[in-house]
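could you work out the structure for the sequence below:
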Amino acid sequence: MNTSTEYMATELASQPETWARAEALRSEQEVVPSTGQKVAIIGCGTSWFMAQAYAALRESSGQGVTDAFAASEAFVDRDYDAIIALTRSGTTTEVLELVRANRGKTRIVGIVGDTTSPFVDEVDDLIALPFADEQSVVQTRFATTALAFLRASLGEDLTGAIADAAVAVADDLDADLIDAEQYTFLGRGWSVGLAHEAALKMREASQSWTESYAAMEYRHGPISIAAPGRVTWMFGQPPVGIEDDVAATGARFVSSELDPLAELVRAQKLALLRARAKGLNPDVPRNLTRSVILNP
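Numbering: from 1, shown residues only. Reported below is the predicted structural model:
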C-alpha cells in the first residue's frame, strides 16, 4: 500500500475549518457581484464544476442570470456586468488568457488560492483564499472552500453544511464501496456540478471508471451501465423511483441526508482510500500537474 498521501489526506480533513473561515469573510463577500447583475463565472476542470454549482445556486435563488463556462469555451461577450474567474493556482493558461482579453471591458472578480501568481494583478477585484490552497495535485479543499465562500455570499447559512463536512471526514467507507468496479455520480440542480467533480476526483486520484449525469437524465441511457458490483451515487434528494430502478439492476445505490457539498467530501475520501488500495499516490496523479500551463 502506498501511504505517501499526506497532502491530500490532510487537506481533505481540513475542510470543515476552511469552510468556516470562508463563511467569515464578510467584507470579501461584498466584492461578489450583487443581486440583479448578469454574471459569467469561468474556470477549468474542478473550478469549472464549482462554477456550475454556483451558477445554478445563484439563478435558482433569484439573484440574477448566471452562466458557467469552461475558460477555453467561454462566450463572455454577452453584456455581462461581471466575470468571476476561479482558479486555485492562478497560472492556468486558459483562465489568464480570458482575463487578459476582457480586462477593461468587463469587471473581473478573481478568486485564487496562490496569492503569488500572476493572476493577482490581472483582475479588478481579488478574493484571496490562501488558507485553502493545496500542495496535492488533486484538489479537495480549495474547490469546496471557494464554493462555500460563494454560497455564503448568496446569503446561505453554512452551519449545517460545515457540521455535515465533519461527519463526512470521519465516515468509514466500507470495503465493498472502495472495491467497486465502476461508479456513476448523479446530481440535481446545483449538485450536478458536484457529481461531475466527484467523477473527476475518482478518475484523477484512483484511475477509476467513473461517469456523471444530471439525475433525471440517468434513465435516458446511462443506467444501462448499472450492474452488480457497480455503484450509483446521488448528490442531494434522489428523483422519485430512481433508487428502485438502480436496485433492479443489481447495482448499489448510495445517497445520504448530508449537505451535497459535504457529500462531495465523502466522495473525495473514497477517491483517497481507493487510490491507497491500488497503491497509487493521489498527490502526484498520472499525467497531471498542479496547473495546466500551455506553450505559446
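
low-confidence ranges, the chain, go.
Flagging of the chain using pLDDT under 70 yields the residue ranges 1-5, 286-296.

residue boundaries of the helices in it?
Along the chain, the stretches classed as helices by DSSP state H are 6-13, 15-23, 26-29, 46-60, 93-102, 141-153, 159-170, 175-178, 191-206, 242-249, 260-277.

contacts made by the fifth one with the rest, please.
Helix 93-102 has contacts (CB atoms under 8 Å, 6 or more residues apart in numbering) with 42-44, 47, 70-72, 74, 76, 83, 85, 87, 90, 108, 110, 118-119, 122-123, 292-294. (Each C-beta comes from the backbone N, C-alpha and C, glycine too.)

quick check: PyMOL command selecting the buried ones in these.
Buried members of the contacts of helix 93-102, identified by 16 or more other CB atoms under 10 Å, are gathered into one PyMOL selection as follows:
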select buried, resi 42+43+44+47+70+71+72+74+76+83+85+87+90+108+110+119+122+123
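
so which of the helices of the chain is nearest Ser224?
Taking CB to CB, helix 242-249 is the member of the helices of the chain nearest to Ser224, at 8.7 Å.

would you mark the buried spots in the closest one?
Buried positions in helix 242-249, judged by neighbour count with 16+ other CB under 10 Å: Ile242, Asp245, Val246, Thr249.

and stretch 256-276, by the same measure?
Neighbour counts over stretch 256-276 (16+ other CB under 10 Å) mark 256, 258-276 as buried.

next, format the helices of the chain as TSV and append distance to Asp283.
Output for those, formatted as TSV (distance: least, CB to CB, whole Å):
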stretch	distance to Asp283
helix 6-13	5
helix 15-23	17
helix 26-29	29
helix 46-60	15
helix 93-102	23
helix 141-153	14
helix 159-170	18
helix 175-178	19
helix 191-206	9
helix 242-249	33
helix 260-277	9
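
of those, which is nearest His220?
helix 242-249 (11.9 Å).

so how far is that closest one off the chain centroid?
Chain-centre distance of helix 242-249: 27 Å, with CA atoms, centre = their mean, to the nearest Å.

now for it, which elements pack on it?
Contact partners of helix 242-249 among helices and strands, from 3 or more CB pairs under 8 Å, 6 or more residues apart in numbering; DSSP states H and E: strand 252-254.

still on that earlier bit, let's see which of the contacts of helix 93-102 end up in strands.
Judged by DSSP state E, the contacts of helix 93-102 include Ile42, Gly43, Ala70, Ile83, Ala85, Thr87, Ile108, Gly110 as members of strands.
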